[in-house]
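*Asks:* fold the following.
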Amino acid sequence: MVLSSRRLDCPWPGPIPYKEEDEPRFFGRDEELEQLLFSISTHRLSIVTALSGVGKSSLLQAAVVPNLRRGREKGSELGPVLVLRNWGLLSSGSPERMFIFAIRREIERLTERVQGENESQLRRDISALARVPVPPEQDETRLPIDILLDYVADLCNAVGGLILIVDQAEELLGSGLGPPNRALEESVLHMIGELVGADGPPRLRVMLSLREEYQARLKPLGGVVAGLEKRIFRLDPMAQATTRQVILESAQVAGHSALQEEELSSILSWLSETGEAHAFESSAVDLLRLQALLVYIFEWTAKNVAAAGEQAVVIDAAALSRFREAHPGGNLGQHCLEYYLEGILTEGDSRSGNDGMTSELIRRTVARMAPWLSSPGGFKRHLEESELVGNAVREDLEALGVNAKSDDLRLAVDHLRSGTLQVMDFEPGSEFELKTRLSGPAIALGWGINEASLQVLRCGLQAIEALERGEVLKVGQWGRVRACELVHDGFGPALIGWADKQRGTLRDTLASVVSRRGETFRWHDIGSDRESLLIANVCWLGCNISRTTLKRTVFRQCILSGTIFTDCHIEDCLFEDCDLNGCVFRGGAWSNVTWQRCEGASTLFDGLEWSDAAFESSVLTGATMIGLDLAGKVRFEDCRLTFAQILEIGHRDGGRLELSESDVRHSLFHDKDASWVDWRIAANGWREGLVGDVPGAEDFPVKMKRG
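*Replies:* Below is the predicted model of the structure:
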């Protein structure tokens, strides 16, 4: 089961910030709310700081903003409130221009929201704000800061005052944009100082919300704002007792779910089974995981425990016992964040109408996008959309022979989004060379390099859309520039953990439209006793598959040249019309395995246990079979075994080797005269040059050894 990205009937929002419309189910921050409202009403600048994940954005959106709006409806002279966020585009322009853009974007959002609503103060305020002219983007006659100050003053005059809540202000100071940029930082602080200083718009209130570690960088504002330290409010992690109360109250308000204190204690104890050094009480990020875990338990219970047609979802001791049996092991909070990601991609398939091939390629792309979205320290990064897509698909495009330089990829992504990209530039090659750049779906659909390249890029854009739709990723736009960032720092480790589990799996490998070269697959047990699996048209060159069980699997028209199978158990499998030239099968066992019309020149079979294997109409010229253990019948029929070497073959009772109408000319077969070898070759000359040993081999000073 996967976790839905957002359930409207669930008492808890999941691992995403509470929104303004979530106010009825937001609890536990009454005292902090009063302090922040008082600070806004009395100071031109207020600052709230906290560790990442404590709930700054939730408090602002689901508590502070609704209360300010109600106050405005009752006649507050503070003015309407605008929430400014998504600063990942800052690198695309000056801080002042970005601030103007953020204000305008929020006015547009609220304009759309109040459409169709009854007459209200909010509707009148937004209408007045929308009528204020936006400064032109290019104005060389004035300084950017003067343009911003005049625009904000005009907004204040239009509605009698204005409150700007600058959420995630650490991004304004350069968080996620790479190495520290002191010039940018100084420019941003100067801008804020001018806005809230004595000469700034007199009826403006500004609240900054930022991560605690960035608080020290605000020190220069002390020269503009007297008593700066007194304006800073530190939001502490929610105490566990308060958290308990909040979770239970949310369930009670929802009215269609039940959760008691004792069951909640069990859930909290599971959350602490992470193996990490910190406990729940001291970990801010655990609040994100707790939300993920609660929603997952709710949905799992609704699906697996609640009676059909039952409206209420009761999370009692019996339900939790069944849930725990189905989910052994620790770190459930982290796993639930990964289930959340699975749910996003699954829901995205149904909403977008993507076919199975496209959906799987989108998953594969997300797995390669994940490492670029989070820093090694676990904080989110900000990247332009074209850069993020380029980083995720560059490896595949290079394998296709496409020019994958950063600037060219950025241009290609921009043209693809605008619908003007039709042809990709790729290196020419022979028909065989071009074919072996493709794999799986691309070959099945008869694509060329161009079609496959365009599909890889399209899925990069669709991967971003899926993550944005699931509220894992935020995408902002300024002109033609689109920037991406995670909604929350806490998603970074979960996304990377999920991606690491995907890469190299069978599902991930089969999704590729690009041939895999030299890749080590991370497969486990493939196939089952009940259902057969078809793997068709894949191209894996020189790859590695080890310690894997393959059952009831059909490889059809596959190119597996040079691939190494180490200690694999292959049972009830068929290789049909496959290119297996130069493959290595070392160790492991075969049971009821058949090759039909396969090319296996120079293939090495080393140290295998063979039971009931058949090679039919296949080419094994120059193949080497050494150290094999025949536990059943192995049959070669209508095969070409010229120049092959069959050495050191052991056999058990009933083990037999049958060669029927096969060409074994000039081959070396140590046991060619053994009683367990059945020769059924009628054609004259097909055993010409067959020898049982190399004359004079005993005179060699060093013997060749297997392996």
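*Asks:* now Leu434: closest residue in space, sequence neighbours ignored.
*Replies:* Ile449 (6.0 Å; C-beta to C-beta, 6 or more residues apart in numbering). Quick note: C-beta positions are derived from backbone N, CA and C, even for glycine.
*Asks:* what number of residues lie near the closest residue to Ile564 other than its chain neighbours?
*Replies:* Spatial nearest neighbour of Ile564, chain neighbours left out: Val584 (4.4 Å); criterion: C-beta to C-beta, 6+ apart. Applying other C-beta atoms under 10 Å, we find 17 residues neighbouring Val584.
*Asks:* same question, Ser675
*Replies:* For Ser675, the number of neighbouring residues by other C-beta under 10 Å comes to 8.
*Asks:* in three-state terms, label it for me.
*Replies:* Three-state assignment for Ser675 (DSSP: H, G, I helix; E, B strand; the rest coil): coil.
*Asks:* check the one 4 residues further on too.
*Replies:* Secondary structure assignment for Trp679 (three-state DSSP): strand.
*Asks:* list the contacts of it.
*Replies:* Residues near Trp679 by C-beta atoms under 8 Å, 6 or more residues apart in numbering: Leu659, Arg687.
*Asks:* what do you get if the cut-off is 10 Å, keeping everything else the same?
*Replies:* Leu657, Glu658, Leu659, Ser660, Ser662, Val664, Lys672, Asp673, Arg687, Leu690 (C-beta atoms under 10 Å, 6 or more residues apart in numbering).
*Asks:* and these, which are buried?
*Replies:* Using 16 or more other C-beta atoms under 10 Å as the burial test, these include Leu657, Glu658, Leu659, Ser662, Val664, Lys672, Arg687, Leu690 as buried.
*Asks:* which one of the residues you listed sits closest to Pro328?
*Replies:* When these are compared for distance to Pro328 (C-beta to C-beta), Leu657 wins out at 46.5 Å.
*Asks:* hang on, the closest one in a helix?
*Replies:* No. Counting by three-state DSSP, one finds Leu657 to be strand, located in no helix.
*Asks:* coming back round to it: and the two most separated of the buried ones among the contacts of Trp679?
*Replies:* Glu658 and Leu690 (15.7 Å).
*Asks:* so where is the stretch 151-300 of the chain shaky, pLDDT-wise?
*Replies:* Across the stretch 151-300 of the chain, the ranges flagged by pLDDT under 70 are 176-178, 256-257, 273-285.
*Asks:* domain ranges for this protein?
*Replies:* 29-234, 240-340, 354-502, 515-699 (automatic domain parsing).
*Asks:* lowest average pLDDT across these?
*Replies:* Note on the domains of the chain: domain 240-340 shows the lowest mean pLDDT, a mean of 77.
*Asks:* mind checking the end-to-end distance for that domain?
*Replies:* 24 Å (C-alpha to C-alpha, to the nearest Å).
*Asks:* with stretch 171-185 instead?
*Replies:* From start residue to end residue, stretch 171-185 stretches across 10 Å - C-alpha to C-alpha.
*Asks:* cool, and stretch 369-384?
*Replies:* Start to finish, the residues bounding stretch 369-384 are 13 Å apart (C-alpha to C-alpha).
*Asks:* and the residue nearest to Ile564, what are its bridge partners?
*Replies:* Beta-bridge partners recorded for Val584 (DSSP bridges): Ile564, Leu604.
*Asks:* could you check how far it is from Val664?
*Replies:* 22 Å (C-beta to C-beta, to the nearest Å).
*Asks:* again with Glu140
*Replies:* Distance of Glu140 to Val664, given as C-beta to C-beta: 86 Å.
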